[in-house]
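1. the following comprises the amino acid sequence and a computationally predicted model.
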Amino acid sequence: MADSDVQIVNSALRRLGDDPITALTDDSERARLMNAIYSLQRDAVLRAHPWKFAVKRTSLAADSAAPSWGPGKAYTLPPEALRVLTTKAWEDTREPWVVEGRKILTDAGAPLYLKYVARITDPTQYDSMFAETLSARLAAVAAYPITGNRTTADAQWQLYLLALTEAKTFDGLERSPEEIEANTLVEVRW
C-alpha cells in the first residue's frame, strides 16, 4: 500500500534516476509533468485489470428514456465506474449487454446488478503491487520527456508490462478456484 500519490510518483522518478518531488504542485518541470499525467495513468492501470481493491457491486434502475433503437433499456453507469465486469438482471437471465458512453444497453429487466472496477483515488486503499505497477507506468510515460532517451523509454515500457503481469498473477490468486461450467460442446466430448 502507498501512503500518498507523491510516494508513487517519487518511485517512478527514482526509476528514471531523477530527483524526488515534495508535492505534485511543486514548481518544477518534473512535478508539472507528473501532475499532468498522474490521474490518467492511474485510471489506465485500474482499467487494465479487475483489481480486488477496486471492484464494487451495485444495482441500477433503468433510465426513464429507452434507447432510440436496439436494446430496450439503458442503465446509467456510476460516475466512478471505469470498467464493467459483469451484469446480472433480477430474473437471472443472461441477456447480452453493451457499454456505450456512460450507459449499459440491454434487454434485461430492472434492477440490473453490476460488478465494476471503480476509480479509487485514495492511495492508502491501493494494493502494494498496484502501486508498484502504477509507478512503473508513470516511469514509462515520463521516461522520454524526462530523459530524452528512446531506449530508456522502451525499457521502462517493458518493465511496466512485467510489473502488470506479476501484479495480475498475484491479484488473481486471491480467491477460491472457479468451477468450470460444462456446456453442450464439452458434454458431447464425454
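-> Everything's here; your move.
2. can we go C-alpha only for contacts and neighbour counts from here?
-> Fine.
3. what is the mean pLDDT for the longest helix belonging to the chain?
-> Counting by DSSP state H, the longest helix found in the chain is helix 150-173. The average pLDDT for helix 150-173 rounds to 91.
4. all strands for the chain, in order.
-> Under the criterion DSSP state E, strands of the chain are mapped to 55-60, 73-76, 81-89, 97-100, 103-106, 112-118.
5. extract the residue ranges of the chain that are flagged as low pLDDT.
-> Along the chain, the model assigns pLDDT under 70 to residues 1, 90-93, 174-190.
6. tell me the domain ranges of it?
-> According to automatic domain parsing, the chain comprises the domains 5-50+127-173, 54-118.
7. now the last one: how far from the chain's centre is it?
-> A distance of 18 Å separates the C-alpha centroid of domain 54-118 from that of its chain, computed with CA atoms, centre = their mean, to the nearest Å.
8. what sits against the spatially closest residue to Arg94 that is not a sequence neighbour?
-> Distances taken as CA to CA, 6 or more residues apart in numbering put Lys88 closest to Arg94, at 6.9 Å, once the chain neighbours are dropped. Neighbouring residues of Lys88 by CA atoms under 8 Å, 6 or more residues apart in numbering: 94, 108, 112-114.
9. still on that earlier bit, want to throw the strands of the chain into JSON lines with distance to Thr147?
-> Shown next, in JSON lines, are those (distance: least, CA to CA, whole Å):
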{"stretch": "strand 55-60", "distance to Thr147": "36"}
{"stretch": "strand 73-76", "distance to Thr147": "43"}
{"stretch": "strand 81-89", "distance to Thr147": "31"}
{"stretch": "strand 97-100", "distance to Thr147": "39"}
{"stretch": "strand 103-106", "distance to Thr147": "41"}
{"stretch": "strand 112-118", "distance to Thr147": "33"}
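10. that older thread, so the residue nearest to Arg94 bridges to which residues?
-> Tyr113 (DSSP bridges).
11. with Thr106 instead?
-> Lys73, Trp97.
12. from Ala66, how far out is it?
-> From Thr106 over to Ala66 the distance is 10 Å, taken as CA to CA, to the nearest Å.
13. which of the two has more neighbours?
-> When Thr106 and Ala66 are compared on other CA atoms under 10 Å, the one with more neighbours turns out to be Thr106, at 22 against 14.
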